[in-house]
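K.L.:
What follows is a predicted protein model with its sequence.
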Amino acid sequence: MVIMWLRDKAVLSEIAKFAQDREVKFTVHQDLSDRSRDFGYRKQRFQYSQSVVETLETLGYPERAVSLFIGTNRLNWNLMRLPPPLRKRGRSGFNKEELKEYSGFWKSALLRTGCRDMEVDFDGLWKGQDLVWDVDMQDHIGAAFDIADTIAKFLETKHGLSPQIVFSGSKGFHVWLHHSEAETLVSKISPHWRKTYGNRDDPIRYRSKLYRTVVEQVSEEAEFSIGYLDLAPIQRSGIIRCPYAIHPKTGQIVWPLSQQERQSLRKLVDANYEVSLWEIVTTIHPWDNRESNRRNSIPTNGNSSVLKSIPKRLSSVV
């Protein structure tokens, strides 16, 4: 079942590992049919796998659906003041006052002057930013995969890079590029960008603008319109759904594709460009393709070969 997936030690370990040097954001869906009632908190941290469970329980999961997102900026949490607890023991409601104060602190830490005032090394704190092409197509999942796969192939063959494709769990795919490779790609377009970055008080904003240029150029060279992309992951404080989390709308896993799964989807889409979401899901998750079990076909046995393969999937972007 979906609930048990987020109780499995292998899954929790990988979510915590992937989020260890990233910001975490939670969105609580009090009613999935009414998004106006959503609320959430960002600038959070997963220190270890058990903290994933504890945070979900604090937010009311599983009675309330919760979306997990992670930031694309990479940071050294040892140099950052830790966030306050979401709730304070002995008090009802969320810890809004301290969370608001921490949000102001975080904004200051995004600037060189702010870090200087706090006697923190800006470049030691902010290690880089992953580059993500977030391909969203509401009614055409086959086209979304085609675009993501073509972009990934272009990065592999033209630039010799190692992108990772992740199924969003719903209407699209994400193409991840590790921050070190992202910087290599940026340097090809703007060779002296690091010097400018070093002289800016708000260098992360400057880099996000460069990232947009890279995304536009790669998309153009791969012959796809930037209009198919959600640019939120490459903003100054970019976020995107966390791999191995559950998409609350579909109940599907945000799933990093192995090379074999990517090849299988390529054959599927080549054979039928109008492929359905369910055909995508059962191709990458063959453990149970029964129509009646769409939301409950997730393996929860700790000995499952699927769970054992998890640590290998994100090695290029961790």
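P.N.:
Structure's in. What do you need?

K.L.:
Lowest-scoring secondary structure element of this structure by mean pLDDT?
P.N.:
The least trusted helix or strand in the chain, going by mean pLDDT, DSSP states H and E, turns out to be helix 305-308, with a mean of 56.

K.L.:
all helices for the stretch 1-150 of the chain, in order.
P.N.:
Applying DSSP state H, counting those that start in this stretch to the stretch 1-150 of the chain gives helices spanning 2-5, 9-19, 49-58, 96-109, 112-117, 122-125, 141-159.

K.L.:
Now do the strands in the stretch 101-250 of the chain.
P.N.:
126-129, 131-136, 164-167, 172-177, 229-230, 239-241, 246-247 (DSSP state E, counting those that start in this stretch).

K.L.:
Next, format these as CSV and append mean pLDDT.
P.N.:
Converted to CSV, the strands of the stretch 101-250 of the chain look like this (pLDDT from 0 to 100):
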stretch, mean pLDDT
strand 126-129, 97
strand 131-136, 95
strand 164-167, 97
strand 172-177, 96
strand 229-230, 91
strand 239-241, 97
strand 246-247, 94
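
K.L.:
Which among these is found nearest to residue 29?
P.N.:
strand 246-247 (11.0 Å; Cβ to Cβ). Yep, even glycine has a C-beta here, placed from its N, CA and C like the rest.

K.L.:
Which strands or helices does the helix or strand following that closest one pack on?
P.N.:
Remark: after strand 246-247, the chain's next helix or strand is strand 252-253, criterion DSSP states H and E. Counting contacts by 3 or more Cβ pairs under 8 Å, 6 or more residues apart in numbering; DSSP states H and E, strand 252-253 is packed against strand 246-247.

K.L.:
What strands flank the strand it packs on, and is each parallel or antiparallel?
P.N.:
Here strand 246-247 is paired, per DSSP bridges, with strand 252-253 (antiparallel).

K.L.:
for the record, mean pLDDT for the strand it pairs with?
P.N.:
Average pLDDT, strand 252-253: 92.

K.L.:
quick one: contacts of it?
P.N.:
Contact with strand 252-253 is made by 5, 167, 169-170, 244-247, 281, 285, 298, as judged by Cβ atoms under 8 Å, 6 or more residues apart in numbering.

K.L.:
So which bits of stretch 176-196 are buried?
P.N.:
The neighbour-count check on stretch 176-196 (16 or more other Cβ atoms under 10 Å) flags 176-179, 181-183, 185-186, 193 as buried.

K.L.:
repeat for stretch 7-15
P.N.:
Across stretch 7-15, burial judged by 16+ other Cβ under 10 Å covers 8, 10-15.

K.L.:
sorry, back to before: and of the buried residues of stretch 176-196, the nearest to residue 217?
P.N.:
residue 185 (9.4 Å).

K.L.:
The residue nearest to residue 262 when sequence neighbours are not counted: neighbour count?
P.N.:
Spatial nearest neighbour of residue 262, excluding adjacent residues (Cβ to Cβ, 6 or more residues apart in numbering): residue 165 at 6.0 Å. Residue 165 is flanked by 24 other residues according to other Cβ atoms under 10 Å.

K.L.:
what does residue 135 give?
P.N.:
So residue 135, with other Cβ under 10 Å, has 27 neighbours.

K.L.:
Next: residue 36.
P.N.:
The burial count for residue 36: 6, using other Cβ under 10 Å.

K.L.:
pLDDT below threshold where in the stretch 201-318 of the chain?
P.N.:
Applying pLDDT under 70 to the stretch 201-318 of the chain flags residues 287-313, 315.

K.L.:
hmm, I was thinking of the stretch 1-150 of the chain
P.N.:
In the stretch 1-150 of the chain (pLDDT under 70), the answer is 1-3.

K.L.:
The same query, at a cut-off of 90, please.
P.N.:
For the stretch 1-150 of the chain, residues meeting the criterion pLDDT under 90 lie at 1-7, 32-33, 88-93, 137-139.

K.L.:
Name the residue most distant from the centre of this protein?
P.N.:
Each residue of the chain has a distance to the centre, and by Cα atoms, centre = their mean the biggest one is for residue 90: 33.4 Å.

K.L.:
Including distance to residue 26, could the strands of the stretch 101-250 of the chain go into TSV?
P.N.:
Shown next, in TSV, are the strands of the stretch 101-250 of the chain (distance: least, Cβ to Cβ, whole Å):
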stretch	distance to residue 26
strand 126-129	21
strand 131-136	19
strand 164-167	19
strand 172-177	19
strand 229-230	19
strand 239-241	11
strand 246-247	13
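
K.L.:
rewinding a little: list the contacts for the residue farthest from the centre of the chain?
P.N.:
Contacts for residue 90 (Cβ under 8 Å, 6+ apart) come out as none.

K.L.:
List phi and psi for it.
P.N.:
phi 90, psi 0 (degrees, to the nearest 10).

K.L.:
for this structure, what's the longest strand?
P.N.:
strand 65-75 (DSSP state E).
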